[in-house]
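**Q** 3D, please:
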Amino acid sequence: MSDLKAAKAQTLELIQVIDEHNYRYYVLDEPQIPDAEYDRLMRELQQLEKQFPELIDPDSPSQRVGAKPDQGFAEVTHQLPMLSLDNAMNADEFIAFNRRVKERLDLTQDCEYICEPKLDGLAVSLIYNKGLLIKAATRGDGTTGEDITLNVRTIQSIPLKLRGKKIPESLEARGEIFMPLSVFDDLNQQAKNEGTKGFANPRNAAAGSLRQLDPAITAKRKLSFYAYSTGLVSEDLQLADTHLERLMQLQDFGLPVSSEVAVVANSQGVIDYYQKIQDKRQYLPFEIDGVVCKVNEIKQQEQLGFVSRAPRWAIAIKFPAQEEMTKLLDVDFQVGRTGAITPVARLEPVFVGGVTVSNATLHNMDEIERLGIKIGDTVIIRRAGDVIPQVASVVLSKRPEDASSVNELKECPVCSSPVERAEGEAVMRCTGGFICDAQRTQAIKHFASRKAMDIDGLGDKLVDIFSELKMIKHISDLYQLTAEQIAGIERMGEKSANNLISAIESSKSTSLAKFLYSLGIREVGEVTAKNLANHFLNLDAIRAASLQDLEMVEDVGPIVAQHLKTFFANPDNQAEVEALIEAGIHWPKIEKKSDDELPLKGKTFVITGTLENISRADAKIKLESLGAKVAGSVSKNTFALIAGEKAGSKLTKAKDLGITIYDESFLIKLD
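**A** I've put the predicted structure just below:
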């Protein structure tokens, strides 16, 4: 064909036909043509694009073969955190979850649930703008993931362009990328034929495939995808009132949803569904490790809300752990950041639940005593929740005559400091503090972490190297490092060294709350550190505070107060804190605001629509500085809605609830 106009028309027609067949195959599971005919259509498209390169569209189905290899994965910050789910390990734990749901919703009868298999893959976020896939990211830590857009574009079941006539301005779909068992088996057979190492399980295979720097390799791995929820969507899309209907909306846009999804009327329906899927597990074309159960009504989801890391309206009900027998070769003791000493079983390697296990947790000495375990015993290993290997029990009939007892430690295995075990606690702790190499190394990693001092480029491996080379004996030694010292380390050039020194220098400017959190005081997390800073206003006041003074702070009880007193009473800790301050760490003075200066204290605001003269982020900061709480959704507890241009469903809901509505001028007038 030599006519460009005719070629363009035929190319567009082929793209439309192939996209339609992809939709019917991956989403509806209703293929209308044999694979050979599909291949013929694809070859015809590829030939046209080869003859007329100017017709190649990046969203063409022919372009899923993968772009050129990338140099790494950029970070992506999720606008709406991708939370994990709490687990129920048996029916009793699910029944307890159901009871909590009913209590919080003030129901006498069970609510309606939506259930689906818990795919053993990787959670991802797909961002569509005006119907086109513009970004894909891993879940990561829930706040920050990795940009895997190029690799995701190679996955046939993920549409590059949404279907339908009413495509929203923006849409975030969330779901699971996984490797079908047939693909996994073929991949491992190929590895065996080539004499290379195969993958332990489909999840590892999917993860390894997604993290290829060369998308062409990902394309060959034939990954699949199922959507399970929406993330942020533009307000021109009216989302449905139930979780199932929202999934159907995603399916209408061309995103595949598992055919195993089902709505059940009550908790017994969930248990029945769980049993049905467990019986069906071995026949499913993909690996699963349980069932996900969610409250179906969106209003009830919003009423239930979230805890810090998980929604209160959803739970993963895990299948029983898989178990195998092996021999306990020895018990080692590992020292953590807070000095907690954990016994670890060293095992004769055994294949359990898809992975080879050679170590397993023993938790503490109470657990060792409960099990009655001895070195040399034959033990049963369980992968609890299909994740963490545990020693479940001892096979006493196989105990050898020379089996030896596991004795409680008297001194730290790392620094030889005395070990203490507080009354009522099961955990042994090293008393060495910062003089203990194990605690110091872990403490430095925590100190440098993103939520603490945020020293960019100082990862765990580099901290380990610094410790091994004796370059850092105390946390404060970080601020004495030179670019020359760092550049002398293998694989650390002059540029990397200078960048790290710059990051260390930048970290000196922080906040009191972040500095408190960075010290790694037991049970003092981000929220507690912030509450302490806002209550006492300065470090000296915190160090001098009595137990009674400390317990007056929100979120600080007797145990946390004692941890704070113990930390600041330790001479080594005192010296380290002073050394850090002398190194130049500083923060702005915190001014205590009176109630007169917090006119919005106790009031909840919601911001919606486009603001012309101030960004949403700045608007939120301004409201919070005056004592307000800024929420993401409108409810009966909302004090007022600030509505900008193109405000949508939130404005409608606020009007329905009779909530006060302000425009942007309200923000401008705030002092």
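**Q** The stretch 301-450 of the chain: strands as residue ranges?
**A** 314-318, 323-335, 340-352, 355-361, 374-375, 378-384, 388-394, 404-405, 419-420, 428-430 (DSSP state E, counting those that start in this stretch).
**Q** Now the ones you listed in JSON lines, please, with extra columns for mean neighbour count, distance to residue 648 and mean pLDDT.
**A** (Each C-beta comes from the backbone N, C-alpha and C, glycine too.) Rendered in JSON lines, the data for these read as follows (neighbours: other C-beta atoms under 10 Å; distance: least, C-beta to C-beta, whole Å; pLDDT from 0 to 100):
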{"stretch": "strand 314-318", "mean neighbour count": "23", "distance to residue 648": "25", "mean pLDDT": "92"}
{"stretch": "strand 323-335", "mean neighbour count": "17", "distance to residue 648": "52", "mean pLDDT": "89"}
{"stretch": "strand 340-352", "mean neighbour count": "18", "distance to residue 648": "49", "mean pLDDT": "90"}
{"stretch": "strand 355-361", "mean neighbour count": "16", "distance to residue 648": "47", "mean pLDDT": "87"}
{"stretch": "strand 374-375", "mean neighbour count": "18", "distance to residue 648": "65", "mean pLDDT": "94"}
{"stretch": "strand 378-384", "mean neighbour count": "21", "distance to residue 648": "44", "mean pLDDT": "80"}
{"stretch": "strand 388-394", "mean neighbour count": "18", "distance to residue 648": "44", "mean pLDDT": "83"}
{"stretch": "strand 404-405", "mean neighbour count": "12", "distance to residue 648": "67", "mean pLDDT": "93"}
{"stretch": "strand 419-420", "mean neighbour count": "16", "distance to residue 648": "59", "mean pLDDT": "87"}
{"stretch": "strand 428-430", "mean neighbour count": "23", "distance to residue 648": "54", "mean pLDDT": "88"}
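**Q** and residue 43, which of those is closest to it?
**A** Proximity to residue 43, assessed across these by C-beta to C-beta, is greatest for strand 355-361 (40.5 Å).
**Q** Surely residue 485 is in contact with residue 472?
**A** No. The pair residue 485 and residue 472 does not pass the contact test of C-beta atoms under 8 Å, sitting 10.3 Å apart.
**Q** Which one's more surrounded, these two?
**A** It is residue 472, of residue 485 and residue 472, that has more neighbours when counted by other C-beta atoms under 10 Å, with 19 against 15.
**Q** So that one: helix, strand or coil?
**A** Residue 472 falls in the coil class when you classify it by DSSP: H, G, I helix; E, B strand; the rest coil.
**Q** For the closest residue to it other than its chain neighbours, report the pLDDT, please.
**A** Take residue 472 and drop its neighbours on the chain: the residue closest to it by C-beta to C-beta, 6 or more residues apart in numbering is residue 466, 4.4 Å away. The confidence metric pLDDT takes the value 88 at residue 466.
**Q** Quick one: residues contacting residue 126.
**A** Remark: with contacts taken as C-beta atoms under 8 Å, 6 or more residues apart in numbering, residue 126 is in contact with 133, 135-136, 152, 158, 172-175, 255.
**Q** Which single one of those is nearest to residue 229?
**A** The shortest distance between residue 229 and any of the contacts of residue 126, using C-beta to C-beta, involves residue 174 and amounts to 4.8 Å.
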